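Q: Could you work out the structure for the sequence below:
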Amino acid sequence: MVGFGWMALIVALGQSPDGSWIGTIDRNGKSWPVRVSIKGSTADVDLPALDMLALQFQVSADEGHVLLSRTGMTGALTRFDGLVNHGVYEGAWSGLGVDARFRLTKTVEIPPFFREKQVAFRNGAVTLRGSVILPLQGRKPFPAMVWVHSSGVETRDSARSSWAIPLSRLGIASLVYDKRGTGQSTGDWTNAGLHDLAGDGLAGLALLKKRKDIDPKRIGAGGLSQGGWIAPLMASESRGVKFVVVMSASGIDAADQSVFDVANRMRALGFSAADIKAASDIRIELYKAAKQNRSFSGIDAKLAEAAKKPWFPASSLPQQALSPTPPGVLDLLFTD
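A: Residues are numbered from 1 along each chain as shown. Predicted coordinates for the structure are as follows:
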């Protein structure tokens, strides 16, 4: 195992799970390094090979049996289920769609390399709550990132462990927050357009600019997938965004990407070119009617007929058009 250095020192034997542990998750001859810090009913877990740090787990312990569990945003469960015996914690691991074995050894306390401050800020009537992740080493004031969200239900957790905490090792601060209507934030993301969500990110940027430990001339915006639209939009609306980092971004609007994406997925499932064209034509007509504020009556009849086709469940088409189309949905679909 490489990269743990000073953590190779082992402490005295003991049955309590509290403390710091290092080891590996092993499957099919491959190993993932893992670090675990347990304190009472919670634990922080680092998976450095996956760029995931300080993942928060719940802990339950009973007479040497220790279970660490975490439910992700999609509902998927990750578990360390094993026994603690003479300074070794080992057992079964499940997560990321695979099962494996793990073996951890108790070690000296792992020192923190970041600190986290809970914050709240507002964009109009919406209150956003999140965390500022600050390095414990490096020169102040720190450069910083505002991390915006992908589509769907998104709290601060994903960007916190995947981006903000790893970047703190490099002396870069981050703001991560619960998307409006998720976690501890108010509002409703389902009716929010890209401009609304960009406004949330810019409100977070304004909060960072007021902090003495943040350099206001070195604050950027970053995001994955839908965040790859939002971060550049923030930069186009504010000179306070000094740089942009995007992943899985798009050069077309969401409506065109939606048609392209569904067609590719139907093709991968083995549907014919004629079936894919039929589904795409309805989707394109649906989007055009929404953009032009036209009646959906004719499209609803086509949707009812399409619902009888074998390809309909794979098309992601609605049973009936949403009328009137909410402004936030229109903004999301057609922002260029």
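Q: give me phi/psi at the nearest residue to residue 88 once chain neighbours are set aside?
A: Among residues not flanking residue 88 along the chain, residue 105 sits closest, at 5.8 Å (C-beta to C-beta, 6 or more residues apart in numbering). All C-beta spots, glycine's among them, are computed from the backbone N, C-alpha and C. Note on residue 105: its backbone torsions stand at phi -120, psi 140 [degrees, to the nearest 10].
Q: Quick one: residues contacting residue 105.
A: Contacts for residue 105 (C-beta atoms under 8 Å, 6 or more residues apart in numbering) come out as 10, 21-23, 87-89.
Q: could you check the distance from it over to residue 248?
A: According to C-beta to C-beta, to the nearest Å, residue 105 stands 38 Å off from residue 248.
Q: quick check: longest helix of the chain.
A: Looking across the chain with DSSP state H, the single longest helix is helix 273-291.
Q: Just the residues contacting that one, thanks.
A: With contacts defined as C-beta under 8 Å, 6+ apart, helix 273-291 is touched by 255, 258-259, 262-263, 266-267, 294-296, 299, 302-303, 306, 309-312, 314-315, 317, 321, 325, 329-330, 333-334.
Q: pLDDT weak spots in the stretch 1-150 of the chain?
A: 1-15, 73-74 (pLDDT under 70).
Q: circling back: adding secondary structure and neighbour count, write the contacts of residue 105 out as CSV.
A: Output for those, formatted as CSV (DSSP: H, G, I helix; E, B strand; the rest coil; neighbours: other C-beta atoms under 10 Å):
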residue, secondary structure, neighbour count
10, strand, 13
21, strand, 25
22, strand, 20
23, strand, 22
87, coil, 17
88, strand, 16
89, strand, 23
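Q: Nearest to residue 235 among those residues?
A: Here the nearest of the contacts of residue 105 to residue 235, counting by C-beta to C-beta, is residue 22; it sits at 40.4 Å.
Q: what is that closest one paired to in the beta sheet?
A: Beta bridges link residue 22 to residue 35, residue 105, judged by DSSP bridges.
Q: Numbering from 5 from now on, please.
A: Shifting the count to begin at 5 puts that one at residue 26.
Q: ok, it touching residue 111?
A: Yes - contact criterion C-beta atoms under 8 Å: residue 26 and residue 111 qualify, at 5.1 Å.
Q: Skip the chain neighbours and tell me the closest residue to residue 80.
A: With C-beta to C-beta, 6+ apart as the criterion, residue 80 has its nearest non-adjacent residue at 7.4 Å, and that residue is residue 99.
Q: Beyond the helix or strand hosting residue 125, next helix or strand please.
A: Here residue 125, judged by DSSP states H and E, is contained in strand 118-127. Next helix or strand after strand 118-127 toward the C-terminus (DSSP H and E): strand 130-139.
Q: Give the other helices and strands that that following strand contacts.
A: Applying 3 or more C-beta pairs under 8 Å, 6 or more residues apart in numbering; DSSP states H and E, we find strand 130-139 packed against strand 118-127, helix 169-172, strand 177-181, helix 198-213.
Q: try 10 Å
A: Secondary-structure packing of strand 130-139 (3 or more C-beta pairs under 10 Å, 6 or more residues apart in numbering; DSSP states H and E): strand 118-127, strand 146-151, helix 161-163, helix 169-172, strand 177-181, helix 198-213.
Q: Give the buried residues for the fourth one.
A: Spelled out, that is helix 169-172. Of the residues in helix 169-172, 169-172 count as buried by neighbour count, 16 or more other C-beta atoms under 10 Å.
Q: contacts for that helix?
A: Residues from elsewhere that reach helix 169-172 (C-beta atoms under 10 Å, 6 or more residues apart in numbering): 48, 50, 52, 55-59, 116-120, 135, 137-142, 146-149, 151, 163, 176-178, 180, 226, 249.
Q: filter these to the buried ones?
A: Among the contacts of helix 169-172, those classed as buried by 16+ other C-beta under 10 Å are 48, 50, 56-59, 118, 120, 135, 137-139, 146-149, 151, 163, 176-178, 180, 226, 249.
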